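>>> Sequence and predicted structure, then a few things I'm wondering about:
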Amino acid sequence: MSKEHPIRIIGAGVSGLVAAIRLQKAGFDVVVHEKNNHIGGRLSTTRESGLPFDHGFQVLLTEYPLAKKYLDYDALDLERFNPGAAVFRKGRRHFIGDPRRNLNMVWPSLVYPWAELSDKLKLARLSAKLKHTSLDAIFSRDEQTTEEYLLDIGFSEKIIDSFFKPFFGGIYLEPNLKTSSRMFEFVLKMFSSGDAAVPREGIQAIAKQLGDQLEPGTIRREETVVESNGQSITLASGDSLPARALLHTTPKEESMDIDWNQCLNIYFECEGDSRIRAPFIGLIASPEAHVSNFHYLTDLFPEVSVEKAILSATVLLDGEVDEEVGIERAREDLKVHAGIEGLKYLKSYHISRALPVLQSVKYEPDEQEIRGEEGEYFAGDYLAAPSLNAAMRSGEKAAECILEDLT
């Protein structure tokens, strides 16, 4: 195919945007075709009353290597959660956190009632150890489920049920900690070394910042690709466009059957004040609860003047669950366990493809997974691990494979 034709990328999610940045920096003509009228894929935000309502609770872990490479944190104006969590159970609230990073967490963590003292010491030692463990070492270890890993280390059922399952289950979007132990070590290392943060304009600001690094006209919105191969694409409009190479940022349905974890993200207006009163993530420490985590937007963005507190809750979904049922489950969990009543429903987002379900995870995709039929390439977190970092690295590595093949 002529060198005059552009490299075409299907999808303006994070992996596609990073790939486009890498390819343009190498001097190649790139066109990104996005079916929606906004970029970012799963990074989506609606702004109202000065607050960012993200579609699904998502945070930027500031220690992500690829995020530090491609993003300007100062320009994102990050609002950071405190290193720890507010844990609720049957109306009681207790805080647990990392005393090494926040001295105010020393006493609350020591008296935290839903864990043994040995659990707290093990968690502190494990966090310190992983902080100095290389990513190569983490992703080369043998794998088991996160729950098996925690039990093998010697953590009690008390802390697994009261902390690990709601906290990491909310990250994985699955409550039973079946996700790989490699993923657990990676995420705990990121939390031990950096912050969980949200851009002032919402999580979609990450995609916007990546898109702004591309040449004007690179991204074409509302263009659905209906047919493709390594030499051309066909749009829903009927237009056929030649390509020097083609990068897919989602799996071809006929070639890879991917399961996805899903969730329901619900926003409520609260009659009372915040039950946390600080930018902490709230957890519900009950295996029967459907809410994995919640937080107050008005705690994270206290400078925004609103009449009532705004709460964001994440409900884990297993199979087909009616949205109204999910909302009522959230109300009941927040009332029984956190003592939060008088919730006025504002909006909700059902994310059916929130995170890919992967039995085995790795830091980056293998080259044979990136290269498809002649001229076709693939990128996305489904090829490596369910994380923003993996999505960014997969896009970067796909670009590197394309450059290697074309130069």
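All right, it came through fine. Numbers count the residues shown, from 1 in each chain.

>>> just the strands in the stretch 301-407 of the chain please.
309-317, 343-356, 376-378 (DSSP state E, counting those that start in this stretch).

>>> Can I get those in JSON lines including distance to Glu303, mean pLDDT and mean neighbour count?
Every residue, glycine included, has its C-beta placed from N, CA and C. As requested, the strands of the stretch 301-407 of the chain are exported to JSON lines (distance: least, C-beta to C-beta, whole Å; pLDDT from 0 to 100; neighbours: other C-beta atoms under 10 Å):
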{"stretch": "strand 309-317", "distance to Glu303": "14", "mean pLDDT": "95", "mean neighbour count": "24"}
{"stretch": "strand 343-356", "distance to Glu303": "20", "mean pLDDT": "95", "mean neighbour count": "17"}
{"stretch": "strand 376-378", "distance to Glu303": "42", "mean pLDDT": "97", "mean neighbour count": "22"}
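
>>> The nearest residue to Gln204 once chain neighbours are set aside and Tyr363, how far apart?
Nearest residue to Gln204, sequence neighbours excluded (C-beta to C-beta, 6 or more residues apart in numbering): Thr45, at 3.8 Å. According to C-beta to C-beta, to the nearest Å, Thr45 and Tyr363 sit 28 Å apart.

>>> who's more crowded, those two?
Thr45 (23 against 19; other C-beta atoms under 10 Å).

>>> Relative to Glu143, how far out is that one?
Thr45 is 34 Å from Glu143, by C-beta to C-beta.

>>> The closest residue in space to Phe268 that isn't next to it in sequence: what's it in contact with?
Distances taken as C-beta to C-beta, 6+ apart put Leu343 closest to Phe268, at 4.1 Å, once the chain neighbours are dropped. Applying C-beta atoms under 8 Å, 6 or more residues apart in numbering, we find Leu343 in contact with 268-271, 311, 331, 334.

>>> Taking those residues, please make a PyMOL selection of just the buried ones.
Here is the PyMOL selection string for the buried members of the contacts of Leu343, based on 16 or more other C-beta atoms under 10 Å:
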select buried, resi 268+269+270+311+331+334
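
>>> Tell me which of the contacts of Leu343 has the lowest pLDDT.
Lowest pLDDT within the contacts of Leu343 is found at Glu271 (89).

>>> So that one is in contact with Glu307, correct?
No. Shown here, Glu271 and Glu307 do not form a contact pair, counting by C-beta atoms under 8 Å, at 10.7 Å.

>>> export the strands of the stretch 301-407 of the chain to TSV and tack on distance to Pro166?
Putting these into TSV (distance: least, C-beta to C-beta, whole Å) gives the following:
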stretch	distance to Pro166
strand 309-317	10
strand 343-356	16
strand 376-378	34
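
>>> Neighbours of Ala236, how many?
Ala236 has 12 nearby residues by other C-beta under 10 Å.

>>> remind me which residues of this structure are low pLDDT?
For the chain, the stretches with pLDDT under 70 are 1-3, 253-256, 320.

>>> Can you check which helix is longest in it?
If you go by DSSP state H, the chain has its longest helix at helix 388-406.

>>> buried ones in that one?
388-403.

>>> what does stretch 120-136 give?
120, 122-123, 126-127, 130-131, 133, 135.

>>> Quick check: Leu150 vs Leu403, distance?
From Leu150 over to Leu403 (counting by C-beta to C-beta), the distance is 41 Å.
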